[in-house]
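**Student:** Sharing a sequence plus its predicted fold:
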Amino acid sequence: MTADITTNHTFDWDTGTWSTGLTNPDKDTGPTATTATVVPVDVSILLDRSGSMQGLEGDVVGGINGFLGDQRDGEGDCTVTLAQFDSEAPFEVLASALPIDQVVDLTVDQYRPRGATPLLDAIGALLDDAERRLGEGPANGTVDPVVVVFTDGLENASQRITRSDLFARIGRLRDAGWTFVFLGANQDSYLEAGRLGFAGANTQNFRGDSYGMRTASNEFSRGLTSMRGKVSRERVMHKVEFFDGRKDAEQDDDTR
C-alpha cells in the first residue's frame, strides 16, 4: 500500500520516503477525488534532433508513432506535447497539449537531424511551456505531468540555462508530483541525467541504432500505460519507479 501526499508534506522521489507526516490510506474515512480516481496525464516529449541522430530518422519516427498508437488505446485522459530540438531550432513544438487521439503521427519530413545539442535550453523551454499550461493543476492533484527526454548526445550548445538551475527546477517539480524520465544513447545516461535532477530508476541507456531506438520508445510507452491505469495513490511509487523495475532497452544495450 502506498501513502497519500498530504498538505505541507513532501515525498522524496529518490528514496521513496516522506519528509514528514506519513498518511495511511487504511485509516482514512474513505477515498478522495485526488487519491482514488484516475486523474488525467499530461505528457511532454522532447526529441533530440541534433546531427548525431542522422541515419535514425525512420526509427525515431516509427518509435514515436508506435508510442502514439499504443497510448490512443490507453486508460484515462491523456494530453501530449511533442517537441524537438537542435541548435538551429532549440525548441520546436509539433503538437501542443492535444488529446492523445488528436495527435497526428510524426513524419520523416518533420524530423530531419541537424546541428548541435542545446539540451539544457530545450528542457528549460519544455518546462516553461508545461508550467505555463498546467498552472496549479499538479499541486491540486487534478493532473499528473510526465516529462520524457530522448537524446543520443551530450549537451554542447545551450546559452540560456545552466545545469544547476535546471537541477533545482526539476527537483522542485518532482517534489510537486511531476514525473521525469530520461532515455539516452551513446553516453552514461545515469551520470548525465543525474546531473540534471532525473532519478536513476526513471533513467535508461539504450543502443543508438534502429532496434535500440524502437525499444526505448516501447519502454516509455509501457511505463506510461502502467501509470495511466493506476489511481493517484497507486501512482506515488510509479513516479519514482516508472519502469516498474524492468529496463528492456538497457538490457538490450548491455547484451549486444
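**Tutor:** Yep, it's here.
**Student:** Not counting its neighbours along the chain, what's nearest Gly194?
**Tutor:** Counting by C-beta to C-beta, 6 or more residues apart in numbering, Gly200 is the residue found nearest to Gly194 once chain neighbours are left out, at 6.5 Å. (Each C-beta comes from the backbone N, C-alpha and C, glycine too.)
**Student:** From Phe242, how far out is the one you found?
**Tutor:** Look at Gly200 and Phe242: by C-beta to C-beta, to the nearest Å, they are 11 Å apart.
**Student:** what's the answer for Val146, then?
**Tutor:** Applying C-beta to C-beta to Val146 and Phe242 gives a distance of 8 Å.
**Student:** list residues touching both of the two?
**Tutor:** 179, 181, 227 (C-beta atoms under 8 Å, 6 or more residues apart in numbering).
**Student:** which ones are touching the first one?
**Tutor:** By C-beta under 8 Å, 6+ apart, Thr179 lies in contact with 144-147, 202, 227, 238-239, 242.
**Student:** what's across from it in the sheet?
**Tutor:** Note on Thr179: beta-bridge partners Val146, judged by DSSP bridges.
**Student:** got the contact list for Thr107?
**Tutor:** Counting by C-beta under 8 Å, 6+ apart, Thr107 touches Val61.
**Student:** so what's the backbone phi/psi at it?
**Tutor:** phi -120, psi 160 (degrees, to the nearest 10).
**Student:** more neighbours, Gly200 and Phe242?
**Tutor:** Phe242 (26 against 14; other C-beta atoms under 10 Å).
**Student:** quick one: the more buried one and Gly223 touch, right?
**Tutor:** Yes - between Phe242 and Gly223 there is a contact under C-beta atoms under 8 Å: 4.5 Å.
**Student:** Need the overlap of contacts for the two.
**Tutor:** Joint contacts of Phe242 and Gly223 (C-beta under 8 Å, 6+ apart) are Val181.
**Student:** Low-confidence regions, the chain specifically.
**Tutor:** 1-35 (pLDDT under 70).
**Student:** Which parts of it are helices?
**Tutor:** 57-72, 119-134, 137-140, 163-175, 189-196, 210-228, 232-238, 248-255 (DSSP state H).
**Student:** Show me which residues of the third one are buried.
**Tutor:** Think helix 137-140. Using 16 or more other C-beta atoms under 10 Å as the test for burial, helix 137-140 gives 137-138.
**Student:** And for that helix, what's in contact with it?
**Tutor:** 34, 42, 143-145, 173, 176-178.
**Student:** If we use 6 Å, what do you get?
**Tutor:** Contact with helix 137-140 is made by 143, 145, 176-177, as judged by C-beta atoms under 6 Å, 6 or more residues apart in numbering.
**Student:** Please apply the same query to the longest one.
**Tutor:** Applying C-beta under 6 Å, 6+ apart, the set of residues contacting helix 210-228 from outside is 41, 56, 59-60, 63, 66-67, 70, 74-76, 148, 183, 206, 235, 238, 242-243, 248-249, 252.
**Student:** Filter those down to the buried ones, PyMOL style.
**Tutor:** Command for PyMOL that selects the buried part of these, burial taken from 16+ other C-beta under 10 Å:
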select buried, resi 41+56+59+60+63+67+70+74+76+148+183+206+235+238+242+243+249+252
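**Student:** Look at Glu250 and say how many residues are nearby.
**Tutor:** So Glu250, with other C-beta under 10 Å, has 22 neighbours.
**Student:** May I have stretch 163-177 exported as CSV, CA atoms only?
**Tutor:** Provided in CSV are the C-alpha atoms of stretch 163-177 (Å, rounded to 0.1, in the frame of the first residue of the first chain):
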residue,chain,number,x,y,z
ARG,A,163,22.8,22.7,-15.1
SER,A,164,22.5,24.0,-11.5
ASP,A,165,19.4,26.0,-12.4
LEU,A,166,17.8,23.0,-14.2
PHE,A,167,18.7,20.6,-11.3
ALA,A,168,17.0,22.9,-8.8
ARG,A,169,13.9,23.3,-11.0
ILE,A,170,13.5,19.6,-11.7
GLY,A,171,13.9,18.9,-8.0
ARG,A,172,11.1,21.4,-7.2
LEU,A,173,8.8,19.9,-9.8
ARG,A,174,9.4,16.4,-8.6
ASP,A,175,8.6,17.4,-5.1
ALA,A,176,5.3,18.8,-6.5
GLY,A,177,4.5,15.4,-8.1
